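Student: Sequence plus the predicted model coming up.
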Amino acid sequence: MKALQKLNKFLWKYKWRIILGFIFTICANWVQVYSVTYIREAINTVEKLLSNFNKNGTTNLDSLKQGLMYASLAFFFFKVLGGILTVGTRQMIIVASRYIEFDLKNVIYDKYQKLSLSFYKKHKTGDLMNRITEDVGLVRMYLGPGIMYPIDLISRVIIIAYFMLQIDEQLTLYTLAPLPILSVLIYKVAKNINMKSKKVQEQQSIISSSVQDTFAGIRVIKSFNSESFIQSKYTEEADLYQKRALNLSQVQAAFGPLMVIVVGVSNLVILYLGGLKYIAGTMDIGSIAEFFLYLNMLIWPFTSLGWITMVVQRAEASMARINEFLNVENVIASDSKKEIKVNGKIEFKNVSYVYENTGIKALDNVSFTINKGETLAILGKTGSGKTTIALLIARSLEPTSGEILIDGENINNLTVDSIRESIGYVPQEAFLFSDSLTNNILFGSDEIEETVAEKFARKAVVHDNIDNFKERYDTVVGERGVTLSGGQKQRVSIARALVNDPTILIFDDSLSAVDTETEEQILNNLSSEIEGKTTVIITHRVSSAKQADQILVLKDGHVLENGSNIELLNKRGYYYELFNKQLLD
């Protein structure tokens, strides 16, 4: 149960609820057990009156009625009181487990948001979703029933054993003797359950990831007419899950027969030894009935012991999977609390970066400086490291070696929030949320007015497109903006980046899906917006780069050329050839 120790801080947070739940459980069990003594008195009263009737042929019916009525009312009262206390137990412990579930999901979700991009490149979305839903749900079962029922069992066994010992010590020992054997058997079965539970949860994650990938890429699947192939792959994974789940269920099913055997043996012991004692006159018939009732009161707690063991084992397996992510060190995290107002000067000093998941060296000793208010254009072939520079500036990645300075301060000495709040970033792959166009443009901003969204949509040359939509700015785009064209999504992303008036603007090949005429119009509109701002334009087009103060040409992660448009043309190198080729086109 080492993996579950991470939950101790949550249990401590709601300790008073849980302690009160324990008190309610103990009181409820004492009341329930004590109520059985009235059944013993009622049976003994009837037996005594019947015995007198057999001896002298008369009996006092009024006394019998009075005794039975008293016992019935007392029994009913204690049962009601026990029920109320049981409800109180659930209100304390089960509700506390729901609170902890809520807190745990928030902790996981918060952790997800703080992890670096490299983490998400190594893990599938379906697996992430499964851990915050299915796995947390199984952990909650441990925090609720997994805590409540063991306390119920322990307190009930102690209380019942006490009452049994008051009646007959020998019969008590013989009755409870098979129960330790049951515990050993449960332990052995539980070890098997733990192993099989982990396999079931792992396969559940694989299925979730497969389904998520299928729905996200449904257009590709349909365009390649691959529905049957995808269905066959899903069927294979589902069959494997079914096989593992059935295997687990078969092991869990062993608990039922174990309980029937153990309880049956205990009942036979009571019947045999109790009968001998009754015949010998050392035990009354009411006490034998009381023993049977006590044993039946132990059936559910001991039956639940098997289920609880399974719950704890599955929760341990799930919490181990959750801990895998909670224990991941965030490479982007900064211990510094230094927050500054970013002016915009950016400097790279011999910066290199190697992608952890592939081992590819995206940047190799890259150095350059952008002064406040200047524009840097970065050109290069696919895979030359252009996007990596953008991600490093935004602290979405951490350099493998070298130093990045903002306003002369190492970025590791600044908080991540202070850097990112100063950046307006348009990613290479435009991503829109399944929400209205207004909310997408104003995302991350305190603005809520449609007029503000329209203002920046005009600058990004997407207003005319939006104006032609039936619901204009209230149009809800599909998942990932699937209802818009590539160019429309890029322009909405540009509008979104401008809303917060950032100090640093980064355009990562954000005009690749628009024609050159629209590109020219967007750049003209942005000229007033980028004035006074440090701007990084990553592009394949010379037309987007030629007006920049500085142009950086990359090749295989190295700086091939660096200078202004005129300087690079005079060098008659790679940029010169690219300029003439695109001009000819």
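Tutor: Sure thing, it's come through.

Student: Could you give me the buried positions within stretch 415-424?
Tutor: Neighbour-count burial for stretch 415-424, with 16 or more other CB atoms under 10 Å as criterion, is recorded at Thr415, Val416, Ser418, Ile419, Arg420, Ser422, Ile423, Gly424. Just so you know, the C-beta spots here come from the backbone N, C-alpha and C atoms, and that holds for glycine as well.

Student: Where does pLDDT dip in the stretch 1-150 of the chain?
Tutor: 1, 47-67 (pLDDT under 70).

Student: Show me the helices in it, by range?
Tutor: 8-13, 15-56, 61-114, 117-122, 125-130, 136-143, 145-167 (DSSP state H, counting those that start in this stretch).

Student: okay, and the helix or strand of this structure with the least pLDDT?
Tutor: Every helix and strand of the chain was ranked by mean pLDDT, DSSP states H and E. The lowest is helix 516-530, at a mean of 70.

Student: Tell me, how many residues neighbour Phe368?
Tutor: 16 (other CB atoms under 10 Å).

Student: And for the helix or strand where it lies, what's in contact with it?
Tutor: Following DSSP states H and E, one finds Phe368 within strand 361-370. By CB atoms under 8 Å, 6 or more residues apart in numbering, the residues outside strand 361-370 that reach it are 344-355, 376, 383, 385, 388-389, 392, 399, 402, 534, 536, 550, 552, 554, 556-559, 562.

Student: right, and the helix or strand after that strand?
Tutor: Downstream of strand 361-370, the first helix or strand assigned by DSSP H and E is strand 375-380.

Student: Strand 361-370 and that next one, what's the angle between them?
Tutor: Following axes from the mean of the first three to the mean of the last three CA atoms, to 10 degrees, one obtains 160 degrees for the angle between strand 375-380 and strand 361-370.

Student: ok, strand 375-380: who's next to it in the sheet?
Tutor: Note on strand 375-380: by DSSP bridges, its sheet partners are strand 534-538 (parallel), strand 550-555 (parallel).

Student: Deepest-packed of these, please.
Tutor: Highest mean neighbour count of those: strand 534-538, a mean of 25 (counted as mean count of other CB atoms under 10 Å).

Student: Domain parsing of the protein, as residue ranges.
Tutor: As recorded under automatic domain parsing, the domains making up the chain are 2-326, 346-584.

Student: Please tabulate those in a markdown table and include distance to Ile340 as additional columns.
Tutor: Output for the domains of the chain, formatted as a markdown table (distance: least, CB to CB, whole Å):
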| stretch | distance to Ile340 |
| --- | --- |
| domain 2-326 | 21 |
| domain 346-584 | 6 |
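
Student: okay, the helices of the stretch 1-150 of the chain in JSON lines with mean neighbour count next?
Tutor: As requested, those are exported to JSON lines (neighbours: other CB atoms under 10 Å):
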{"stretch": "helix 8-13", "mean neighbour count": "13"}
{"stretch": "helix 15-56", "mean neighbour count": "17"}
{"stretch": "helix 61-114", "mean neighbour count": "16"}
{"stretch": "helix 117-122", "mean neighbour count": "13"}
{"stretch": "helix 125-130", "mean neighbour count": "18"}
{"stretch": "helix 136-143", "mean neighbour count": "22"}
{"stretch": "helix 145-167", "mean neighbour count": "19"}
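
Student: nearest to Lys222, of the ones you listed?
Tutor: Of all the helices of the stretch 1-150 of the chain, it is helix 125-130 that lies closest to Lys222, at 20.1 Å by CB to CB.

Student: Show residues contacting the closest one.
Tutor: Helix 125-130 is contacted from outside by 112, 201, 204-213, 216, 325, using CB under 8 Å, 6+ apart.

Student: Please tell me how far the nearest residue to Glu531 once chain neighbours are set aside sits from Leu505.
Tutor: Nearest non-adjacent residue to Glu531, counting by CB to CB, 6 or more residues apart in numbering: Gly373, 7.6 Å away. Taking CB to CB, to the nearest Å as the measure, Gly373 falls 11 Å from Leu505.
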